[in-house]
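Provided below are the primary sequence and the corresponding predicted coordinates.
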Amino acid sequence: MTARTCSFSNTPKQEGWVLIIGMVVLVMLTIIAMGVMRTTIQEEKMAGISRDMNISFESAEIGLREAEAFIEKPSSQGLFNETKNGIYAQGAADEHLEPAPFRTKWDDNNSITVSTGAQTTSRYMIKKLTEIGDGGSLNMGGYGETDLTQKTVIYRITARGGGGNDNTQTILRSHYAKSD
């Protein structure tokens, strides 16, 4: 039997180019994936902030609606003769002035908590501005004429709503007219 020897001298020499190209492609894909991940994180933060702002606005809107319902109650009209606990009487005297809504800590001394069972942090203040009843008409900022043949009382409502975190707050102000 004859022995055969195998010679590898005719085999092309491998130099590892496939490994190098594979590593370069892998690094490029990693960089692209990191950029996409960063963009996704930013979009998620923006969506959370938008959600907090919407919750805050809706909470303040709930405060406005509850304040309007409070004004419409016949039993509440006598409360506007004096200033206390979020109700501010008519007049420009210091004791009848509302606190500045952006520089004030809203609490039970200067505002009223919304009494809904929801987990919103909504409060409001109501200031009696004036009574009109001369039989004339009133045009409030281009919203149309209002017949004032009966006594009408105008109130200013300031409502604050909190969002999903403590730093998100919305303050809304509205004028409300009640005719007797």
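In hand now; what should we look at? Numbers count the residues shown, from 1 in each chain.

low-confidence stretches in this protein?
1-14, 115-120, 134-149 (pLDDT under 70).

so which residues of it form helices?
In order along the chain, the chain carries the following helices (DSSP state H): 17-72.

end to end, how far does stretch 87-97 reach?
Taking C-alpha to C-alpha, to the nearest Å, the first and last residues of stretch 87-97 lie 10 Å apart.

who touches that stretch?
Stretch 87-97 has contacts (C-beta atoms under 8 Å, 6 or more residues apart in numbering) with 79-83, 98, 112, 125-131. Every residue, glycine included, has its C-beta placed from N, CA and C.

can you put those residues in a markdown table and add distance to Val18 and neighbour count?
Formatted as a markdown table, the contacts of stretch 87-97 follow (distance: C-beta to C-beta, whole Å; neighbours: other C-beta atoms under 10 Å):
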| residue | distance to Val18 | neighbour count |
| --- | --- | --- |
| Leu79 | 84 | 18 |
| Phe80 | 85 | 17 |
| Asn81 | 90 | 10 |
| Glu82 | 88 | 11 |
| Thr83 | 83 | 21 |
| Glu98 | 76 | 16 |
| Ile112 | 74 | 20 |
| Met125 | 74 | 24 |
| Ile126 | 77 | 24 |
| Lys127 | 79 | 22 |
| Lys128 | 84 | 22 |
| Leu129 | 82 | 16 |
| Thr130 | 86 | 11 |
| Glu131 | 89 | 12 |
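
which of these fall in strands?
Ile112, Met125, Ile126, Lys127, Lys128, Leu129, Thr130, Glu131 (DSSP state E).

with distance to Glu72 added, can I get those in JSON lines?
Shown next, in JSON lines, are the ones in strands among the contacts of stretch 87-97 (distance: C-beta to C-beta, whole Å):
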{"residue": "Ile112", "distance to Glu72": "15"}
{"residue": "Met125", "distance to Glu72": "17"}
{"residue": "Ile126", "distance to Glu72": "12"}
{"residue": "Lys127", "distance to Glu72": "16"}
{"residue": "Lys128", "distance to Glu72": "14"}
{"residue": "Leu129", "distance to Glu72": "16"}
{"residue": "Thr130", "distance to Glu72": "18"}
{"residue": "Glu131", "distance to Glu72": "16"}
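
for the nearest residue to Thr113 once chain neighbours are set aside, grab the count of nearby residues.
Leaving aside its sequence neighbours, Thr113 sits nearest to Arg123 (C-beta to C-beta, 6 or more residues apart in numbering; 5.5 Å). Neighbour count for Arg123, taken as other C-beta atoms under 10 Å: 24.
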